[in-house]
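S.K.: Any chance you could fold what I've pasted below:
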Amino acid sequence: MASYNSTSTLESAARKNVEYPGREASQTLAAAAPKPSPYANETARRQDIILFTTQLAVMLDSGVVLSDAIMAIAEQMRPGAFRVVISALAERIKNGDCFSSALAAYPRIFNTMFVSIVKTSEASGRMPHMLEVLSGYLNAEAETHRQVKSAMIYPVIMLLMAVAATGSLMFFVLPRFTRIYESRGAALPALTRLLVNCSGLLADPTFMASAVTIGILIFLGFSAWRKTLTGHKTIDWIKIHTPVFGVMYIDAVMTRSMRILATMVNTGVSLLEALEVMQMSCDNYFFRCLWTTVDARLRDGYQLSDAIELSSYHEMVTPSIIQMLRAGEKSGQIGRICDKVSLLLEKKLQNSIRAAITLIEPMMIIIMGVIVGTIAIALLLPVFRISSIMAH
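M.R.: Numbering: from 1, shown residues only. Take a look at the predicted model:
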(Lines give C-alpha, C1' and ligand atoms only; values in the text may rest on other atoms or scores of the structure.)
Protein backbone atom coordinates (compact mmCIF):
# COMPACT_ATOMS: atom_id res chain seq x y z
CA MET A 1 0.00 0.00 0.00
CA ALA A 2 2.82 2.37 0.86
CA SER A 3 4.56 1.49 -2.40
CA TYR A 4 1.37 2.28 -4.35
CA ASN A 5 0.97 5.64 -2.65
CA SER A 6 4.63 6.46 -3.33
CA THR A 7 4.27 5.63 -7.03
CA SER A 8 1.02 7.56 -7.33
CA THR A 9 2.51 10.62 -5.64
CA LEU A 10 5.62 10.43 -7.81
CA GLU A 11 3.69 10.27 -11.08
CA SER A 12 1.25 13.03 -10.06
CA ALA A 13 4.23 15.23 -9.19
CA ALA A 14 5.81 14.42 -12.54
CA ARG A 15 2.61 15.38 -14.37
CA LYS A 16 2.47 18.63 -12.42
CA ASN A 17 5.98 19.45 -13.60
CA VAL A 18 5.01 18.54 -17.16
CA GLU A 19 2.19 21.08 -17.08
CA TYR A 20 4.83 23.72 -16.48
CA PRO A 21 7.72 22.41 -18.59
CA GLY A 22 11.23 23.26 -17.50
CA ARG A 23 10.03 25.00 -14.34
CA GLU A 24 12.77 23.73 -12.02
CA ALA A 25 15.50 24.01 -14.63
CA SER A 26 14.41 27.52 -15.58
CA GLN A 27 14.40 28.57 -11.93
CA THR A 28 17.96 27.20 -11.53
CA LEU A 29 19.13 28.99 -14.66
CA ALA A 30 17.44 32.22 -13.58
CA ALA A 31 19.28 32.14 -10.27
CA ALA A 32 22.65 31.82 -12.01
CA ALA A 33 21.85 33.86 -15.14
CA PRO A 34 24.28 36.62 -16.14
CA LYS A 35 23.24 40.22 -16.58
CA PRO A 36 20.80 40.62 -19.50
CA SER A 37 22.07 41.37 -22.98
CA PRO A 38 20.33 43.58 -25.58
CA TYR A 39 20.65 40.64 -28.01
CA ALA A 40 19.27 38.03 -25.56
CA ASN A 41 16.20 37.36 -27.75
CA GLU A 42 18.13 36.97 -31.00
CA THR A 43 18.12 33.65 -32.85
CA ALA A 44 20.61 32.11 -35.25
CA ARG A 45 20.55 29.59 -38.07
CA ARG A 46 21.44 26.03 -37.19
CA GLN A 47 24.28 25.98 -39.73
CA ASP A 48 25.83 29.14 -38.27
CA ILE A 49 25.95 27.58 -34.79
CA ILE A 50 27.48 24.37 -36.18
CA LEU A 51 30.14 26.34 -38.08
CA PHE A 52 30.97 28.43 -35.00
CA THR A 53 31.30 25.35 -32.79
CA THR A 54 33.46 23.48 -35.30
CA GLN A 55 35.78 26.43 -35.93
CA LEU A 56 36.15 27.12 -32.22
CA ALA A 57 37.04 23.49 -31.48
CA VAL A 58 39.74 23.50 -34.19
CA MET A 59 41.23 26.83 -33.08
CA LEU A 60 41.32 25.90 -29.39
CA ASP A 61 42.91 22.56 -30.26
CA SER A 62 45.59 24.55 -32.14
CA GLY A 63 46.43 26.52 -28.99
CA VAL A 64 44.65 29.82 -29.75
CA VAL A 65 43.39 31.74 -26.69
CA LEU A 66 39.59 31.48 -26.24
CA SER A 67 38.77 35.21 -26.55
CA ASP A 68 41.10 35.63 -29.55
CA ALA A 69 39.59 32.57 -31.26
CA ILE A 70 36.04 33.85 -30.80
CA MET A 71 36.96 37.33 -32.05
CA ALA A 72 38.70 35.84 -35.12
CA ILE A 73 35.61 33.78 -35.91
CA ALA A 74 33.40 36.89 -35.54
CA GLU A 75 35.58 38.81 -38.01
CA GLN A 76 35.06 36.09 -40.64
CA MET A 77 31.26 36.15 -40.35
CA ARG A 78 28.93 38.13 -42.56
CA PRO A 79 27.28 41.17 -40.89
CA GLY A 80 24.25 40.35 -38.80
CA ALA A 81 22.94 39.72 -35.31
CA PHE A 82 24.89 36.48 -34.86
CA ARG A 83 28.17 38.24 -35.61
CA VAL A 84 27.33 40.89 -33.00
CA VAL A 85 26.52 38.14 -30.46
CA ILE A 86 29.85 36.35 -31.10
CA SER A 87 31.75 39.65 -30.73
CA ALA A 88 29.89 40.29 -27.47
CA LEU A 89 30.93 36.82 -26.24
CA ALA A 90 34.59 37.72 -26.81
CA GLU A 91 34.16 41.01 -24.94
CA ARG A 92 32.47 39.29 -21.98
CA ILE A 93 35.31 36.77 -21.74
CA LYS A 94 37.93 39.55 -21.89
CA ASN A 95 36.05 41.32 -19.09
CA GLY A 96 36.37 38.26 -16.85
CA ASP A 97 33.21 36.22 -17.50
CA CYS A 98 33.60 32.49 -17.99
CA PHE A 99 32.59 31.09 -21.38
CA SER A 100 29.51 29.21 -20.11
CA SER A 101 28.21 32.30 -18.30
CA ALA A 102 28.64 34.39 -21.45
CA LEU A 103 26.79 31.78 -23.53
CA ALA A 104 23.92 31.65 -21.02
CA ALA A 105 23.17 35.32 -21.81
CA TYR A 106 21.86 34.19 -25.22
CA PRO A 107 19.46 31.31 -24.43
CA ARG A 108 17.69 31.39 -27.80
CA ILE A 109 20.98 30.73 -29.61
CA PHE A 110 22.88 28.53 -27.16
CA ASN A 111 20.49 26.15 -25.42
CA THR A 112 20.83 24.56 -21.98
CA MET A 113 22.66 21.52 -23.36
CA PHE A 114 25.28 23.70 -25.09
CA VAL A 115 25.87 25.73 -21.91
CA SER A 116 26.03 22.63 -19.67
CA ILE A 117 28.64 20.90 -21.85
CA VAL A 118 30.78 24.04 -22.02
CA LYS A 119 30.50 24.46 -18.24
CA THR A 120 31.66 20.87 -17.73
CA SER A 121 34.52 21.37 -20.18
CA GLU A 122 35.70 24.42 -18.21
CA ALA A 123 35.97 22.28 -15.08
CA SER A 124 37.69 19.36 -16.83
CA GLY A 125 40.03 21.41 -19.06
CA ARG A 126 38.96 19.42 -22.16
CA MET A 127 37.08 22.14 -24.02
CA PRO A 128 38.45 21.41 -27.55
CA HIS A 129 37.45 17.73 -27.34
CA MET A 130 34.02 18.49 -25.87
CA LEU A 131 33.31 21.16 -28.47
CA GLU A 132 34.23 18.62 -31.15
CA VAL A 133 31.75 16.14 -29.65
CA LEU A 134 29.14 18.91 -29.45
CA SER A 135 29.76 19.79 -33.10
CA GLY A 136 29.19 16.14 -34.06
CA TYR A 137 25.90 16.16 -32.14
CA LEU A 138 24.73 19.37 -33.85
CA ASN A 139 25.62 17.97 -37.29
CA ALA A 140 23.72 14.74 -36.56
CA GLU A 141 20.69 16.76 -35.38
CA ALA A 142 20.80 18.87 -38.53
CA GLU A 143 20.93 15.74 -40.71
CA THR A 144 17.95 14.19 -38.90
CA HIS A 145 16.00 17.44 -39.27
CA ARG A 146 16.84 17.51 -42.98
CA GLN A 147 15.66 13.93 -43.48
CA VAL A 148 12.32 14.56 -41.75
CA LYS A 149 11.86 17.81 -43.69
CA SER A 150 12.66 16.15 -47.02
CA ALA A 151 10.05 13.47 -46.30
CA MET A 152 7.41 16.22 -46.08
CA ILE A 153 8.43 18.03 -49.28
CA TYR A 154 6.97 15.46 -51.68
CA PRO A 155 3.39 15.45 -50.30
CA VAL A 156 3.38 19.27 -50.11
CA ILE A 157 4.44 19.56 -53.77
CA MET A 158 1.81 17.00 -54.81
CA LEU A 159 -0.84 18.86 -52.81
CA LEU A 160 0.04 22.18 -54.47
CA MET A 161 -0.10 20.52 -57.89
CA ALA A 162 -3.53 19.07 -57.09
CA VAL A 163 -4.83 22.48 -55.97
CA ALA A 164 -3.41 24.18 -59.09
CA ALA A 165 -4.90 21.54 -61.44
CA THR A 166 -8.29 21.61 -59.72
CA GLY A 167 -8.39 25.42 -59.67
CA SER A 168 -7.54 25.77 -63.36
CA LEU A 169 -10.16 23.20 -64.36
CA MET A 170 -12.86 24.65 -62.08
CA PHE A 171 -12.35 28.35 -62.88
CA PHE A 172 -11.23 28.34 -66.54
CA VAL A 173 -12.10 25.12 -68.36
CA LEU A 174 -15.44 24.15 -66.77
CA PRO A 175 -17.22 27.54 -67.26
CA ARG A 176 -16.32 27.56 -71.00
CA PHE A 177 -17.63 24.04 -71.53
CA THR A 178 -20.78 24.96 -69.64
CA ARG A 179 -21.53 27.98 -71.88
CA ILE A 180 -20.94 25.90 -75.02
CA TYR A 181 -23.22 23.14 -73.76
CA GLU A 182 -26.03 25.45 -72.59
CA SER A 183 -26.07 27.12 -76.00
CA ARG A 184 -27.26 23.78 -77.37
CA GLY A 185 -30.34 24.01 -75.16
CA ALA A 186 -29.85 20.79 -73.23
CA ALA A 187 -29.79 20.19 -69.48
CA LEU A 188 -26.44 19.61 -67.81
CA PRO A 189 -25.68 16.21 -66.25
CA ALA A 190 -25.99 16.08 -62.46
CA LEU A 191 -22.23 15.74 -61.86
CA THR A 192 -21.48 18.69 -64.14
CA ARG A 193 -24.19 20.82 -62.45
CA LEU A 194 -22.68 20.02 -59.05
CA LEU A 195 -19.20 21.18 -60.14
CA VAL A 196 -20.67 24.27 -61.84
CA ASN A 197 -22.46 25.22 -58.62
CA CYS A 198 -19.22 24.72 -56.64
CA SER A 199 -17.36 26.87 -59.16
CA GLY A 200 -20.02 29.57 -58.87
CA LEU A 201 -19.79 29.59 -55.09
CA LEU A 202 -16.01 29.88 -55.16
CA ALA A 203 -16.32 32.83 -57.55
CA ASP A 204 -18.91 34.57 -55.34
CA PRO A 205 -17.21 37.34 -53.24
CA THR A 206 -19.85 37.17 -50.48
CA PHE A 207 -19.48 33.43 -50.06
CA MET A 208 -15.66 33.63 -50.12
CA ALA A 209 -15.64 36.46 -47.55
CA SER A 210 -17.89 34.40 -45.25
CA ALA A 211 -15.78 31.26 -45.77
CA VAL A 212 -12.52 33.13 -45.05
CA THR A 213 -14.04 34.71 -41.91
CA ILE A 214 -15.26 31.34 -40.62
CA GLY A 215 -11.87 29.80 -41.46
CA ILE A 216 -10.03 32.51 -39.49
CA LEU A 217 -12.35 32.05 -36.49
CA ILE A 218 -11.83 28.28 -36.58
CA PHE A 219 -8.07 28.76 -36.80
CA LEU A 220 -8.03 31.19 -33.86
CA GLY A 221 -10.24 28.87 -31.81
CA PHE A 222 -8.00 25.89 -32.61
CA SER A 223 -4.86 27.89 -31.76
CA ALA A 224 -6.34 28.87 -28.39
CA TRP A 225 -7.48 25.29 -27.69
CA ARG A 226 -4.11 23.71 -28.52
CA LYS A 227 -2.44 25.96 -25.91
CA THR A 228 -4.60 24.44 -23.17
CA LEU A 229 -3.41 21.29 -21.38
CA THR A 230 -6.26 19.23 -22.88
CA GLY A 231 -5.51 20.45 -26.40
CA HIS A 232 -1.78 19.94 -25.97
CA LYS A 233 -2.28 16.37 -24.72
CA THR A 234 -4.78 15.55 -27.50
CA ILE A 235 -2.53 16.76 -30.32
CA ASP A 236 0.51 15.02 -28.83
CA TRP A 237 -1.51 11.79 -28.49
CA ILE A 238 -2.46 12.02 -32.19
CA LYS A 239 1.18 12.58 -33.17
CA ILE A 240 2.20 9.37 -31.37
CA HIS A 241 -0.67 7.13 -32.46
CA THR A 242 -1.08 8.13 -36.13
CA PRO A 243 -0.36 5.03 -38.28
CA VAL A 244 3.11 5.03 -39.92
CA PHE A 245 3.74 8.70 -39.09
CA GLY A 246 3.40 8.01 -35.35
CA VAL A 247 6.27 5.53 -35.52
CA MET A 248 8.37 8.08 -37.41
CA TYR A 249 7.58 10.74 -34.80
CA ILE A 250 8.47 8.46 -31.86
CA ASP A 251 11.73 7.45 -33.57
CA ALA A 252 12.61 11.13 -34.15
CA VAL A 253 11.99 12.08 -30.50
CA MET A 254 13.83 9.04 -29.14
CA THR A 255 16.78 9.61 -31.49
CA ARG A 256 17.10 13.19 -30.27
CA SER A 257 16.73 12.21 -26.60
CA MET A 258 19.30 9.40 -26.73
CA ARG A 259 21.69 11.58 -28.72
CA ILE A 260 21.45 14.31 -26.06
CA LEU A 261 21.99 11.76 -23.30
CA ALA A 262 25.00 10.18 -25.05
CA THR A 263 26.63 13.53 -25.87
CA MET A 264 26.22 14.98 -22.38
CA VAL A 265 27.22 11.86 -20.44
CA ASN A 266 30.25 11.29 -22.68
CA THR A 267 31.42 14.86 -22.04
CA GLY A 268 31.20 14.49 -18.27
CA VAL A 269 27.79 16.02 -17.54
CA SER A 270 25.85 14.21 -14.83
CA LEU A 271 22.94 11.96 -15.78
CA LEU A 272 20.45 14.13 -13.86
CA GLU A 273 21.55 17.28 -15.70
CA ALA A 274 21.25 15.41 -19.01
CA LEU A 275 17.69 14.35 -18.14
CA GLU A 276 16.77 17.95 -17.32
CA VAL A 277 17.98 19.00 -20.77
CA MET A 278 16.03 16.12 -22.35
CA GLN A 279 12.87 17.32 -20.62
CA MET A 280 13.35 20.90 -21.81
CA SER A 281 14.20 19.87 -25.38
CA CYS A 282 11.07 17.72 -25.80
CA ASP A 283 7.76 19.42 -26.73
CA ASN A 284 5.61 16.30 -26.50
CA TYR A 285 3.57 16.02 -23.28
CA PHE A 286 3.88 12.25 -22.97
CA PHE A 287 7.64 12.12 -23.57
CA ARG A 288 8.19 15.00 -21.17
CA CYS A 289 6.10 13.16 -18.57
CA LEU A 290 8.22 10.04 -19.17
CA TRP A 291 11.55 11.84 -18.67
CA THR A 292 10.21 13.81 -15.69
CA THR A 293 9.19 10.58 -13.96
CA VAL A 294 12.52 8.94 -14.85
CA ASP A 295 14.33 11.94 -13.34
CA ALA A 296 12.33 11.63 -10.13
CA ARG A 297 13.01 7.89 -9.84
CA LEU A 298 16.73 8.39 -10.48
CA ARG A 299 16.79 10.83 -7.57
CA ASP A 300 15.17 8.10 -5.48
CA GLY A 301 18.11 5.76 -6.24
CA TYR A 302 16.87 3.70 -9.20
CA GLN A 303 19.08 2.76 -12.14
CA LEU A 304 18.23 4.43 -15.48
CA SER A 305 16.86 1.24 -17.07
CA ASP A 306 14.70 0.44 -14.03
CA ALA A 307 13.53 4.05 -13.82
CA ILE A 308 12.34 3.91 -17.45
CA GLU A 309 10.59 0.55 -16.95
CA LEU A 310 8.72 1.78 -13.88
CA SER A 311 7.77 5.16 -15.33
CA SER A 312 4.51 6.22 -16.94
CA TYR A 313 4.35 5.88 -20.75
CA HIS A 314 7.39 3.57 -20.71
CA GLU A 315 5.86 1.66 -23.65
CA MET A 316 7.25 4.39 -25.95
CA VAL A 317 10.74 3.02 -25.19
CA THR A 318 11.26 -0.41 -26.73
CA PRO A 319 12.42 -3.30 -24.49
CA SER A 320 15.59 -3.71 -26.58
CA ILE A 321 16.68 -0.15 -25.72
CA ILE A 322 16.02 -0.77 -22.02
CA GLN A 323 18.09 -3.96 -22.14
CA MET A 324 20.97 -2.14 -23.85
CA LEU A 325 20.88 0.58 -21.20
CA ARG A 326 20.89 -2.07 -18.48
CA ALA A 327 23.95 -3.69 -20.05
CA GLY A 328 25.67 -0.29 -20.12
CA GLU A 329 24.94 0.25 -16.44
CA LYS A 330 26.41 -3.12 -15.53
CA SER A 331 29.56 -2.50 -17.55
CA GLY A 332 29.93 1.09 -16.38
CA GLN A 333 29.82 2.37 -19.99
CA ILE A 334 26.41 4.01 -20.08
CA GLY A 335 27.67 6.87 -22.28
CA ARG A 336 29.06 4.55 -24.97
CA ILE A 337 25.88 2.43 -24.91
CA CYS A 338 23.71 5.55 -25.24
CA ASP A 339 25.78 6.50 -28.26
CA LYS A 340 25.15 3.07 -29.83
CA VAL A 341 21.43 3.35 -29.01
CA SER A 342 21.25 6.76 -30.72
CA LEU A 343 22.90 5.33 -33.85
CA LEU A 344 20.48 2.38 -33.82
CA LEU A 345 17.51 4.73 -33.47
CA GLU A 346 18.85 6.95 -36.24
CA LYS A 347 18.86 3.99 -38.65
CA LYS A 348 15.38 3.04 -37.47
CA LEU A 349 14.23 6.63 -38.12
CA GLN A 350 15.62 6.46 -41.66
CA ASN A 351 13.62 3.26 -42.24
CA SER A 352 10.51 4.94 -40.81
CA ILE A 353 10.97 7.91 -43.17
CA ARG A 354 11.35 5.58 -46.16
CA ALA A 355 8.20 3.71 -45.10
CA ALA A 356 6.28 6.98 -44.79
CA ILE A 357 7.41 8.15 -48.23
CA THR A 358 6.51 4.75 -49.73
CA LEU A 359 3.00 5.14 -48.28
CA ILE A 360 2.59 8.80 -49.24
CA GLU A 361 3.48 8.45 -52.93
CA PRO A 362 0.64 6.09 -54.01
CA MET A 363 -1.85 7.85 -51.72
CA MET A 364 -1.15 11.26 -53.28
CA ILE A 365 -1.30 9.79 -56.79
CA ILE A 366 -4.67 8.15 -56.03
CA ILE A 367 -6.07 11.36 -54.50
CA MET A 368 -4.93 13.46 -57.46
CA GLY A 369 -6.30 10.87 -59.88
CA VAL A 370 -9.72 10.88 -58.20
CA ILE A 371 -9.94 14.70 -58.14
CA VAL A 372 -8.74 15.33 -61.69
CA GLY A 373 -10.60 12.28 -63.03
CA THR A 374 -13.90 13.43 -61.51
CA ILE A 375 -13.54 16.88 -63.06
CA ALA A 376 -12.53 15.37 -66.41
CA ILE A 377 -15.61 13.11 -66.40
CA ALA A 378 -17.81 16.09 -65.53
CA LEU A 379 -16.34 17.92 -68.54
CA LEU A 380 -16.70 15.01 -70.94
CA LEU A 381 -20.26 13.95 -70.01
CA PRO A 382 -21.81 17.02 -71.68
CA VAL A 383 -19.64 16.44 -74.77
CA PHE A 384 -20.97 12.88 -75.11
CA ARG A 385 -24.52 14.11 -74.65
CA ILE A 386 -24.04 16.86 -77.25
CA SER A 387 -22.79 14.24 -79.69
CA SER A 388 -25.87 12.09 -79.11
CA ILE A 389 -28.20 15.11 -79.53
CA MET A 390 -26.51 16.13 -82.76
CA ALA A 391 -26.65 12.55 -84.02
CA HIS A 392 -30.43 12.50 -83.55
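S.K.: Okay, strands next: where are they in the stretch 51-200 of the chain?
M.R.: With DSSP state E, counting those that start in this stretch as the definition, the stretch 51-200 of the chain shows no strands.
S.K.: contacting residues around residue 377?
M.R.: By Cβ atoms under 8 Å, 6 or more residues apart in numbering, residue 377 lies in contact with residue 191. For glycine as for every other residue, the C-beta is placed from the backbone atoms N, C-alpha and C.
S.K.: Buried residues in stretch 319-338, which are they?
M.R.: 321-322, 324-326, 328, 334-335, 337-338 (16 or more other Cβ atoms under 10 Å).
S.K.: Which residues does that stretch contact?
M.R.: 254, 258, 261-262, 265-266, 271, 303-306, 308-309, 340-341, 344-345.
S.K.: of those residues, buried ones?
M.R.: Buried among the contacts of stretch 319-338 (16+ other Cβ under 10 Å): 254, 258, 261-262, 265-266, 271, 304-306, 308-309, 341, 344-345.
S.K.: In the residues you listed, find the pair that's most separated.
M.R.: 266 and 309 (23.5 Å; Cβ to Cβ).
S.K.: Return the member of the buried ones among the contacts of stretch 319-338 nearest to residue 200.
M.R.: Looking across those and measuring by Cβ to Cβ, the closest to residue 200 is residue 254, at 50.9 Å.
S.K.: who are the neighbours in contact with the closest one?
M.R.: 316-317, 321, 345.
S.K.: Tell me which entries of those residues lie within strands.
M.R.: Among the contacts of residue 254, no member falls in strands (DSSP state E).
S.K.: Among the residues you listed, which one sits closest to residue 284?
M.R.: Distance to residue 284, by Cβ to Cβ, is smallest for residue 316 among the contacts of residue 254, at 9.3 Å.
S.K.: nearest residue to that closest one other than its sequence neighbours?
M.R.: residue 250 (5.9 Å; Cβ to Cβ, 6 or more residues apart in numbering).
S.K.: mind checking which helix or strand the one you found is in?
M.R.: helix 245-266 (DSSP states H and E).
S.K.: elements contacting the helix or strand following that helix?
M.R.: Downstream of helix 245-266, the first helix or strand assigned by DSSP H and E is helix 271-281. Helices and strands touching helix 271-281, by 3 or more Cβ pairs under 8 Å, 6 or more residues apart in numbering; DSSP states H and E, are helix 23-32, helix 112-124, helix 245-266, helix 285-299.
S.K.: Residue 158: which of these is closest?
M.R.: Comparing these by Cβ to Cβ, helix 245-266 comes nearest, at 15.9 Å.
S.K.: The closest one: which residues count as buried?
M.R.: Neighbour-count burial for helix 245-266 [16+ other Cβ under 10 Å]: 245, 247-266.
S.K.: With stretch 192-204 instead?
M.R.: Applying 16+ other Cβ under 10 Å to stretch 192-204 flags 192, 195-196, 199 as buried.
S.K.: Out of the residues you listed, give me the two with the largest separation.
M.R.: Checking those with Cβ to Cβ, the most distant pair is 192 and 199, at 10.3 Å.
S.K.: Between those two, which contacts overlap?
M.R.: With Cβ under 8 Å, 6+ apart, residue 192 and residue 199 have common neighbours residue 174.
S.K.: which residues sit in contact with the residue lying closest to residue 285 once chain neighbours are set aside?
M.R.: Once flanking residues are discounted, residue 285 sits nearest to residue 236: 4.5 Å by Cβ to Cβ, 6+ apart. Listed by Cβ under 8 Å, 6+ apart, the contact partners of residue 236 are 284-286.
S.K.: Could you rerun that using 10 Å?
M.R.: 226, 249, 283-289 (Cβ atoms under 10 Å, 6 or more residues apart in numbering).
S.K.: so what's it scoring on pLDDT?
M.R.: Looking at residue 236, its pLDDT is 91.
S.K.: So it versus residue 287, what's the distance?
M.R.: 8 Å (Cβ to Cβ, to the nearest Å).
S.K.: Residue 173 touches residue 379, doesn't it?
M.R.: Yes - assessed by Cβ atoms under 10 Å, residue 173 is found in contact with residue 379 at 6.5 Å.
S.K.: Name the residue in the two with the higher neighbour count.
M.R.: residue 379 (19 against 14; other Cβ atoms under 10 Å).
S.K.: Surely that one and residue 192 touch.
M.R.: Yes - the criterion here is Cβ under 10 Å, and residue 379 meets it with residue 192 at 7.5 Å.
S.K.: Among the contacts of residue 236, show me the least confident.
M.R.: residue 283 (82).
S.K.: what do residue 236 and residue 287 both touch?
M.R.: Both residue 236 and residue 287 are contacted by residue 249, under the criterion Cβ under 10 Å, 6+ apart.
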